[in-house]
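got a sequence here, can you model it:
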Amino acid sequence: MTILIEQPNFEIQAEKQVLNTNTNELVLDGGFPVPKAHEGFVVPDNNSFGRSFRDYDAESERNKTVEEFYRIQHINQTYDFVKRMREEYGLLNRVEMSIWECCELLNEVIDDSDPDLDEPQIEHLLQTAEAIRKDYPNEDWLHLTALIHDLGKVLLHPSFGGLPQWAVVGDTFPLGCAFDEANVHHKYFKENPDSNNPAYNTKNGIYSEGCGLDNLVISWGHDDYMYLVAKENKTTLPSAALFIIRYHSFYPLHRGGAYKQFMNEEDKENFKWLLIFNKYDLYSKSKERIDVEKVKPYYLSLIKKYFPEKLRW
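Okay, the predicted model is just below:
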């Protein structure tokens, strides 16, 4: 590795929408079919702490940390901040390394915004990928998407840049329009400077309905960064994979139903894949360990298929 040092219930709805009435398949992105829903993955009742998933109101030390994270995030993620970060990190001139090298860096990363898991991120990546692999064995692009979806969290790593947690992880949301109440810990947005900008305080703000999610300025973090890395390094993953990577933390949309007015037709098609993925991303978090060395050869073969050997980060 070369480091260049520089100072609504959507899930039920989705299952109804995703199947073609004639073929029981939906074909997207030039021949990637969505097979019938499998019953292999059983959604657990509780997270690794023994509580309900994404329960931000439960009294616990972990949730106190999570709430404080969101307080700081909601204050600091502004329209101007996001534009500046996209310009700076979009240069991809900080690190040259492979996908697997990036996976290994995540061994040292824990996400303070996650109320369901406090294990190193490599564990979550493999748990998600292996769960999807069992239920969708023929969709290798989806397995790889699961493995890499959180790699942007390397922005937290000291050798990479060491950005603060609020600038890397947590639920994402649009800037430039009103902060919807579907956002977790919504009350803290009142301290965000953008709340005082009249141009940003209507439902649509500076955007128009149907403009497409690509035209929104979304809070900066690992999602958007990994999307930029994959796209600019010419991955051959389908557009649905890039959509998943970019919007998998956009919970106000895919869990709360907010901001749907901005979606265009392509977004709506790719959104079906995101709903499938989200089940595994959220509910595969557990204390069950994955044998990394056993599964590593398979994922290395997928990386070789869809990515160059070295990527610019």
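
for the rest of this, base every contact and every neighbour count on C-alpha atoms.
OK.

correct me if wrong: Asn270 contacts Ala240.
Yes. Counting by CA atoms under 8 Å, Asn270 touches Ala240, with 5.0 Å between them.

the more surrounded of the two?
Neighbour totals were compared for Asn270 and Ala240, and Ala240 leads with 23 against 18 (other CA atoms under 10 Å).

element containing that one, please.
If you go by DSSP states H and E, Ala240 is part of helix 239-247.

give me the contacts around that helix.
Contact partners of helix 239-247, identified using CA atoms under 8 Å, 6 or more residues apart in numbering, comprise 28-29, 141-142, 145, 148-150, 172, 223-224, 226-227, 230-231, 270-271, 273-274, 277.

going by neighbour count, which residues in it are buried?
239-247 (16 or more other CA atoms under 10 Å).

how about the contacts made by Tyr259?
180, 252-253.

I'd like to know how far it sits from Glu209.
According to CA to CA, to the nearest Å, Tyr259 and Glu209 sit 9 Å apart.

the helices in the stretch 1-150 of the chain, which residues?
10-17, 61-76, 79-89, 99-105, 121-135, 140-148 (DSSP state H, counting those that start in this stretch).

buried stuff in the fifth one?
Within helix 121-135, the residues scored as buried using 16+ other CA under 10 Å are 121-133, 135.

the fourth one now?
For helix 99-105, the neighbour count (16+ other CA under 10 Å) marks 99-100, 102-103, 105 as buried.

okay, the closest residue to Thr145 other than its chain neighbours: pLDDT?
With sequence-adjacent residues excluded and distances taken as CA to CA, 6 or more residues apart in numbering, Thr145 is closest to Ala241, at 6.0 Å. On the pLDDT scale, Ala241 is placed at 98.

just the closest of the contacts of Tyr259 to His157, please.
For the contacts of Tyr259, the minimum distance to His157 (CA to CA) is 27.0 Å, reached by Pro252.

got the CA positions of the helix or strand hosting the closest one in CSV?
Element membership for Pro252, per DSSP H and E: helix 251-254. What follows is helix 251-254, C-alpha atoms only, in CSV (Å, rounded to 0.1, in the frame of the first residue of the first chain):
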residue,chain,number,x,y,z
TYR,A,251,-32.5,6.1,6.5
PRO,A,252,-34.9,9.1,6.4
LEU,A,253,-35.7,8.0,2.9
HIS,A,254,-35.7,4.2,2.9
